[in-house]
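Student: coordinates for the following, if possible.
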Amino acid sequence: KILPCGAAMMRTVSSWGLFKHLQFTKEELSADPEDNTNNNGSFPRWVSPSRSTTALTILSPQFLEEVKSGTDSQKISSSIPAKEQQQSATIRSLWQRPSTRKHLIVYWAYSFVVIAVDETFPLYCISKVSGLGVEEKIIGNLLSATGAFYIFIQFFLVTGLVKRYGFYRAMKIGALGSVPLVCLIPLSLFTNNRGAATPDGTITWRTLTLLSFLYAIIRAFSSVTFSTITMTNNRTVPAHQRASLNGLSMLGGSFVKAAGPTFGGLLFSTSVVLLSPPWGSVMVWVTLAGLGMVVFVQTLRLPEHDESTTLEESNN
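Tutor: Below is the predicted model of the structure:
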């Protein structure tokens, strides 16, 4: 059985059932006394395996000439700008790229706001002073219903938006349709008017439907923003620097995701104490929605990047 393997060909032996790709250096090929055989360039060259190998490798004469002349290595080295070959990716060099820096700031700021919303939502649900005052079991039911809506929305939303509008426009739509919508969460205080027959610590079906659907939309659009900002951020650097960039992105993201719950908890507790119910919780959600709008404005100012733009910045 013949399997293509780039410029080389590989043949498996049916009696052995295994194959191994033989690797040769330029020195080994040049020292081979049989490299100038009478194959007149029209037949493949057979290389005999050692006792420990379980395959035969077929190399074409053209591939041997390319390896000896260094054509492949020259093509690879010429595709990378000289400045990028001399300088390895560091935190300082990545931060000095204006486009990369702006993308990282947007990613970190959005992560901070989203984790603050996730921390504040259970506090709002369980608060009896300025929230819904429901029990833990009801919060679990609420989040389960949110997950059901989320799966349905997410299936059609992410790929559909990116396919139709592209990365950057989908990112802006996701930023606008996620965190800013938390200003509608206080509407649940009006829909949760329980009658005399409804016990305390529960919520009405209207409130359950409203919060589940609204929170699912927020989470679905936030997934769009996270996925698109990650992909566009990788476009701001050459391919061989993306591992370092993702490491820096995760490092900063860890710090802001640790600070987000602290900010959310302090914001909710302070607002509830300073403002009379239910205006304390209203103030919390309006503040978080305002921060979401700030991040949305920052996405509007992001420079759009593609491979050609990255190459121009690398050469400069």
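
Student: just the helices in the stretch 151-300 of the chain please.
Tutor: 188-191, 205-234, 242-274, 279-300 (DSSP state H, counting those that start in this stretch).

Student: mind putting these into TSV with distance to Trp95 and mean neighbour count?
Tutor: Glycine gets a C-beta too; all of them are placed from N, C-alpha and C. Converted to TSV, the helices of the stretch 151-300 of the chain look like this (distance: least, C-beta to C-beta, whole Å; neighbours: other C-beta atoms under 10 Å):
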stretch	distance to Trp95	mean neighbour count
helix 188-191	42	16
helix 205-234	13	20
helix 242-274	8	16
helix 279-300	17	19
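
Student: and of those helices, who's closest to Ser144?
Tutor: Closest to Ser144 of the helices of the stretch 151-300 of the chain is helix 205-234 (C-beta to C-beta; 8.5 Å).

Student: average model confidence for that closest one?
Tutor: The pLDDT scores in helix 205-234 average 92.

Student: kindly calculate the angle that the helix or strand containing Ser144 makes with helix 205-234.
Tutor: In this structure, Ser144 sits in helix 136-176 according to DSSP states H and E. Angle, helix 136-176 to helix 205-234, by axes from the mean of the first three to the mean of the last three C-alpha atoms, to 10 degrees: 40 degrees.

Student: distance check, Pro278 against Lys163.
Tutor: 42 Å (C-beta to C-beta, to the nearest Å).

Student: so between those two, which is more surrounded?
Tutor: Pro278 (17 against 9; other C-beta atoms under 10 Å).

Student: so what's the more buried one up against?
Tutor: Contacts for Pro278 (C-beta atoms under 8 Å, 6 or more residues apart in numbering) come out as Ser130, Gly131, Pro186, Leu189.

Student: repeat the analysis, applying 6 Å as the threshold.
Tutor: By C-beta atoms under 6 Å, 6 or more residues apart in numbering, the residues touching Pro278 are Ser130, Leu189.

Student: Gly131 falls within a strand, correct?
Tutor: No: counting by DSSP: H, G, I helix; E, B strand; the rest coil, Gly131 falls outside a strand, being coil.

Student: please name the nearest non-neighbouring residue to it.
Tutor: Excluding its sequence neighbours, the residue lying closest to Gly131 (C-beta to C-beta, 6 or more residues apart in numbering) is Tyr124, at 4.4 Å.

Student: span of stretch 273-283 from start to end?
Tutor: 12 Å (C-alpha to C-alpha, to the nearest Å).

Student: please apply the same query to stretch 92-99.
Tutor: End-to-end span of stretch 92-99 (C-alpha to C-alpha): 14 Å.

Student: and it, what's buried?
Tutor: Buried residues in stretch 92-99, counted by 16 or more other C-beta atoms under 10 Å: Leu94, Arg97, Ser99.

Student: residues touching the helix or strand in which the first one is found, excluding its own?
Tutor: Taking DSSP H and E as the criterion, Leu94 maps to helix 91-95. Helix 91-95 is contacted by residues Thr100, Arg101, Leu245, Leu248 when judged by C-beta under 6 Å, 6+ apart.

Student: next up, the contacts around the third one.
Tutor: Applying C-beta under 6 Å, 6+ apart, one finds that Leu245 lies in contact with Leu94, Val237.

Student: for the last one, same thing?
Tutor: Counting by C-beta under 6 Å, 6+ apart, Leu248 makes contact with Ile91, Leu94.

Student: Lys172 contacts Thr299, correct?
Tutor: Yes: contact criterion C-beta atoms under 6 Å: Lys172 and Thr299 qualify, at 4.9 Å.

Student: identify the contacts common to the two.
Tutor: Residues touching both Lys172 and Thr299 (C-beta under 6 Å, 6+ apart): there are none.
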